[in-house]
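J.: Okay, sequence plus prediction incoming.
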Amino acid sequence: MIHLKAELLEDLKDSLPGLRRAVQNAIELELATLPPYLYALYSIKPGANLEIAGLIKSIVMQEMLHMALDCNILNAIDGHPVIDRPESVPKYPGPLPGAVESDLIVPLAPFSKQLVHDVFMVIEEPEDPLHFPVLKAAEIGAPQITIGQFYEAIKKQILKLSETQNIFTGDPARQLTTGFEVLQTLKITDAKSAIAAINLIVEQGEGTKTSPLDPEHELAHYYRYAEIFYGKKLIPNPDPKPGGPDYVYGGHAIVFNPAGVWPVVTNPSLSPYKPGTKAANLNDTFNYTYTSLLKSLHLTFNGQPDRLAPAIGLMESLKEQALVMMSYELVPGQTAGPSFQYRPVL
Amino acid sequence: MSYLNSVRLHFKGKFQAAPSTVNNDPVHFDNATFLPSYQDRQIVSGPPRDGWWNPQGDATWRLINCAVTSAWIGAASPAPKDDMIHSCLVADSDRTVAAKLVDLDPEQQLVSEIWGMQVRISRPDGTNVLRSHYATAAFADIWDRAQGGGGDIGAGAMYQSVLYDLEWGDIGGSVFLRTLRDAAPHGLLSIKFNVDGYNMSFGSPDFTRGRIAGTIGPASLNEPKHFVLGRHFMTTAGPGGNFFAPAGKINFCVAALDEPAGKLLVDLGNALPSQSAGGPMQDLGDLTLAYIGQDASGNPVPVNLGNIPYLQPAWYDQTAGIAEVPADRSLTSAEIAAIQSNSLALLLTPTPADPAQIAISEPADGLYVRADRFVYRMDPGDRRDVSLYATKWGQRYAGARIVSVFDPSQLQSQEFSTVGVPPDVAIPTKAVEFPARVVADNQGMAKLPIHVTDPGDPRLYIDGQVYGVRPMLEETLDYGVNYPFSPWEFVSLLAFSGFTPDHPPTWFGSMQPIFQQYANLYPVMSRFLNLADYDSVSVNVDLLQLAFGLNPEDPNSMPVTRDLSAAKRKAILQWLGHPGHDGRPLKGSPRPESAPRSVAAPLPPKAAPVEMQLARGGKAIAASRRVGLRQSIQLPRKENS
C-alpha cells in the first residue's frame, strides 16, 4: 500500500485552511494516478487484450470521478482547487504526492502483469486486503499513514469543524454536476454528502473491510487489478465452506497476450528525446495538450463547470496522440511514449 | 485598419496542418465502391496506394514555436528594446484541442479554412498577455512560391482574418501592447500569415509542418476582415506552375497608405518567390516601389518611391514580408497626391545593366472589388448576404455597380481520380439565386444576397453541390476577362441537399450511410470508435451527442469536416437522443438489397505513375483538376444607363 507522510495529518490540524490543504492534496493524489494508468492502457495495441484494457479503463474513469468529487468537496468548503500549477504537476518516475519518499516510486511504463502487481495493486491496496497476505510494506521510518487513513482523517475533520460552524459555504454553482451520473445525485452541500463522497472514493478504490465490492456492487480497484494479475475473474466462491473465502479467483480466464502490447519506452523523462526529432516533436505536442487539459480542468473546477466538454475533447486528443507515439518506433524493438510534463507553449 | 498598419508585430515559426487525405479523391465518397485500400498510405516508390500521403490525418492545425520577431509602435518606430513583446510567442489555444483545417468540399479544396483557433500572445512561461479567437477564414492566393514548383511542397498561400473576444493580460510593462490595444477601439485585431515550405515526408520530424510568418495589427468593424482595403497589385498567369505562376514573378499583393506618416506599407509576404520550399528569397534583382506617372509627352513613366531590401538576411523573418516605403524619409505631399490617382507598381532591375521592368502593378484605373468572406456552407432555404467592397485607388468606391456571375472555373471536377470519374460541379444552377447587379452604398459596400434551394443529389454520393460566384465591377466588363483579376477571388459555396430521414430515424433506415462515409474517409476515427459499426456507435452515444451538438466553431465539433447539412445533423441528434427500450439508439432493419448502381469502369493507366502524381500533394492535384472555364464565363451585358 501507499504510505503518506504523517505530516499531512498535522497539516489538517483544527482549522478550515488545513482541511482545504488536505483536500487539495487528495486531488493531487487522485490526479497523479492517471498518467501511469493511462500510459499502461494506451500501450495496449488497439483491439488486443480487450478485457484487460476494459478493466484498466474502468478504473481510470473512476479515478477521474474521485478527483471530481474531491474538487467538489473543496469547492463546497469554499476552497479553490489548483490543478494547473507547474510545480504540482506530478513527476514520473516519482512518489505519489504526499507519499513518503522511501515508498513506491511510480513509473510510466508499458502494461505488464508485473507493473500491475508491483505498482497498481500497491497504489490501490487497502490497509488490510481481504483474503490475501498483506504485501510487504515500505520500510517504516518516519510516521506514515495510508490513503484510507488520510481520507478517514479528512472525514473526521469535516465532522469536527462542522460541530461549531458551517464550513459548507462555497458557491454551489462551482460544483461539477455533469460528466458522471454520480455527480448528478451526489451534490456536496453538507457534512453528510461530503462523507458519502469520501466513502465512495475509498470503497471504489479499496472495497470495504468485509467485501471486495464497492457500494455500487462493482469490484474495487485493487481487486480488478488483482484479476488482471491472477488472470482470472474474482467470483463468489462456488463451494463456500465455514471459514473459507467468500470469493475466489476462479472465474473465466483473463488472457494476456504480451504481443498485444507496444514495446514502449519506460520513464521517457529520464532520457529525453533529442530536440528536433520526430519523437521530441510528438512528445512536445502531447505535453502541450496535457498542459492544456490541466488548465481546462482547472477552469472547470474554478467556477466554469461547463468547460468540462472542452476538457473531454482534450482527453480524447491525448489518447489519439499517445496511440500515435506508442506505435512510433524509436529504435528497433522500442517505441516512444509521452512524458506527461508541463508545457504551456508549443 | 488592418494588420497592414504602422502599429503591428511580426512573428515567425512553424505551422502544422495534418488533414486526412482519403477525402482528396471525390470518388472515395462513394460508399458503394469504397475499398479498404483507399485508406492505405502511399509510399514513395512503393506500389500505388489510394489513401494518398496522410490517410491517418486528423485535420489538426497548430502554431508551433512562433516567436515575435519585431514590433512597431508607429511608422519607422520600433517598440523599445526592453519591451517584453520581444520575448513573446504567438501561440494557439492552451485550453481546447487544436484547431482544425477543413476543405470546403472534395471538389473545392483550394479554400481550406481554419476552424476553432484561439490565438494567444504569450510569455515563454505560458503567461498570456492576450487571448483571442480567430474568425474562421480560408487561405487565399495559393501559388507556386518555390523555384521549380514541387506541388504542395513548393506552394505558398496566405490567411487573413480578425481576432475577437480579446482578453488582455497584464500589459502594463509593454508600450507596444498598450499601443496596440489603444489602436483597436472596436476590440478587434487583424491577423495575416503566410504559409509555405510544407513537409509531406512521412518519416521526417517535420512531417505535416511548414514555415509560417505573419503580422498582427489593429482592425476596425467597418472594414473587411479578410482582405485589406488598399492598393491591390494584379498580375496574370505565366506559363507552367501547379497553382499560379505570376507572369512577372511577383504574386498578387497589397499596399496601404499611412498618409499622416507619409509611408506606403507594402505586403510582399506571399508575393516574392523563394529559392526552395521554405527557403530564402530568390534574387530577382533590385526591387522598388513606384507609381506610374506621365512624362512631358503624356507617356507613362515609373517614378521610384523607394527600395525594398528583401534580400537582406532575416528580412522575411523580421518583417513577414512587409516593407515601409520609403524607408529613410516620408513621402512628399506631391508624391502622395500623385499616388492617389496613379497606379502603383513594383519594379525589378535584374542587373544594374538592365532597365527596370514592371513586375506587377495596379490595374490601369485602380478598380477592385472583392467579397470579404468567400466560403459558405448553405442549407436549402438559406439566404446569406455576402459583403462586397469596391475600391478605386484604394479608396471606397461609392455607388460602384457590381455584377455577379456563376464562375465554376476554379472548382475541381476534372478527371484525376485513380479510381473513377468525379461528378460534375455547379449544376443545377437553378438551386442558387442572386441578383445580377448590386450597387455599392456611399461606403463602397454592397450586400450580395445569395439564396439557395435544394440542389437535389446531382453528385449522388457527395452531399449537395459546390458553386462559384464571381463579383466584378461593371466598368471592367468592356475588357471581358482581360481586366486584371485574381482567379482566386470568388465566392465558393457548398449547397447541401435536402434530406428526410426515416421516421423515427434508425441505423439501417438513414444513419448507417452517413456514418459509413465518415468511417471510410477518416480512418483516424477508428482510434476512438468504429463509426461504421452500430454496436461501437451505440456504446459511444454520450461522446457523439456531445460532439455533434457542438457549434461548428468549436474545435471539437463533429464532423471535423464541417460538411454535414443541418437536416442530417438534426436527424443524427434525434437518433442519438431517443434510444429504444434497450437503451440504445434505434437499429431498425437492414434495407433490402437495392439494384446495384452502375459504377464507372476503372480508368486506364495514367501517363505518369500514379504514385508520382500523388506525391505532388492534394492541393496540387486539386488545382490540376480545375474546370478552367474562364473563357466561357457568361458575362452579362452592360446595363444601359
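T.: In hand now; what should we look at?
J.: show me where the stretch 1-150 of chain A has strands.
T.: Assigned by DSSP state E, counting those that start in this stretch, the strands in the stretch 1-150 of chain A fall at A:3-5, A:144-146.
J.: want to throw the ones you listed into CSV with mean pLDDT, mean neighbour count and distance to chain B?
T.: Backbone N, C-alpha and C define where each C-beta goes, glycine included. Compiled in CSV, these are given as follows (pLDDT from 0 to 100; neighbours: other CB atoms under 10 Å in any protein chain shown; distance: least, CB to the nearest CB, whole Å):
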stretch, mean pLDDT, mean neighbour count, distance to chain B
strand A:3-5, 79, 24, 29
strand A:144-146, 75, 20, 35
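J.: and the ones you listed as TSV, adding distance to B:Phe202?
T.: What follows is the strands of the stretch 1-150 of chain A, written out as TSV (distance: least, CB to CB, whole Å):
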stretch	distance to B:Phe202
strand A:3-5	47
strand A:144-146	50
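J.: To B:Arg209, which of those lies closest?
T.: Closest approach to B:Arg209 among these is made by strand A:3-5 (44.4 Å; CB to CB).
J.: Mind telling me what element the residue in the stretch 301-450 of chain B that chain A sits nearest to is part of?
T.: Using CB to the nearest CB, B:Asp317 is the residue of the stretch 301-450 of chain B that sits closest to chain A, at 18.4 Å. Assigned by DSSP states H and E, B:Asp317 belongs to helix B:315-319.
J.: helices or strands up against that helix?
T.: strand B:7-18, strand B:60-74 (3 or more CB pairs under 8 Å, 6 or more residues apart in numbering or on different chains; DSSP states H and E).
J.: Check which residues of the longest helix anywhere in chain B are buried.
T.: Longest helix in chain B, counting residues (DSSP state H): helix B:566-577. For helix B:566-577, the neighbour count (16 or more other CB atoms under 10 Å in any protein chain shown) marks B:Ala567, B:Lys568, B:Arg569, B:Ala571, B:Ile572, B:Trp575, B:Leu576 as buried.
J.: of all those residues, which comes closest to chain A?
T.: Distance to chain A across the buried residues of helix B:566-577 (CB to the nearest CB) is lowest for B:Leu576, with 15.4 Å.
J.: Name all residues that make contact with that closest one.
T.: B:Val541, B:Leu544, B:Gln545, B:Phe548, B:Pro585 (CB atoms under 8 Å, 6 or more residues apart in numbering or on different chains).
J.: Show me how far stretch A:309-323 is from its chain's centre.
T.: 17 Å (CA atoms, centre = their mean, to the nearest Å).
J.: Could you check how far the residue of the stretch 1-150 of chain B found nearest chain A is from B:Thr96?
T.: Using CB to the nearest CB, the single residue of the stretch 1-150 of chain B nearest to chain A is B:Gly126, 2.3 Å away. Going from B:Gly126 to B:Thr96 by CB to CB, to the nearest Å gives 15 Å.
J.: neighbour count winner among those two?
T.: Applying other CB atoms under 10 Å in any protein chain shown to B:Gly126 and B:Thr96 shows that B:Thr96 carries more neighbours, namely 25 against 19.
J.: which residue sits closest to that one in space, ignoring its chain neighbours?
T.: A:Pro310 (4.7 Å; CB to CB, 6 or more residues apart in numbering or on different chains).
J.: ranges for the helices of the stretch 201-346 of chain A?
T.: Ranges of helices in the stretch 201-346 of chain A, per DSSP state H, counting those that start in this stretch, are A:221-230, A:278-300, A:308-326.
J.: ok, now the stretch 251-400 of chain B?
T.: B:315-319, B:333-339.
J.: List the buried residues for the longest one?
T.: By neighbour count, and taking 16+ other CB under 10 Å as the criterion, the buried residues in helix B:333-339 are B:Glu335, B:Ala338, B:Ile339.
J.: is it true that the first one touches B:Asn304?
T.: By that I understand B:Glu335. No: look at B:Glu335 against B:Asn304 with CB atoms under 8 Å: they stay out of range, at 10.2 Å.
J.: For chain B, what's its nearest residue on the stretch 51-200 of chain A.
T.: Closest point on the stretch 51-200 of chain A to chain B, by CB to the nearest CB, is A:Pro86, at 8.2 Å.
J.: Can you report how many residues lie near that residue?
T.: The local packing of A:Pro86 (other CB under 10 Å) involves 13 other residues.
J.: which ones are touching it?
T.: By CB under 8 Å, 6+ apart, the neighbours of A:Pro86 are A:Tyr342, A:Pro344.
J.: can we see that at 7 Å?
T.: Residues in contact with A:Pro86 (CB atoms under 7 Å, 6 or more residues apart in numbering or on different chains) are A:Tyr342.
J.: B:Val386 too?
T.: B:Val386 touches B:Ala371, B:Lys447, B:Leu448, B:Ile450, B:Val491, counting by CB under 7 Å, 6+ apart.
J.: I'd like the distance between it and B:Ala566.
T.: Here B:Val386 is placed at a distance of 19 Å from B:Ala566 (CB to CB).
J.: So which residues of the stretch 151-300 of chain A form strands?
T.: A:232-236, A:247-253.
J.: packing partners for the first one?
T.: Applying 3 or more CB pairs under 7 Å, 6 or more residues apart in numbering or on different chains; DSSP states H and E, one finds that strand A:232-236 makes contact with helix A:221-230, strand A:247-253.
J.: got the contact list for stretch A:295-309?
T.: Applying CB under 7 Å, 6+ apart, the contact partners of stretch A:295-309 are A:71, A:75, A:80-81, A:83-84, A:174-179, A:310-311, A:314, B:94-95, B:546.
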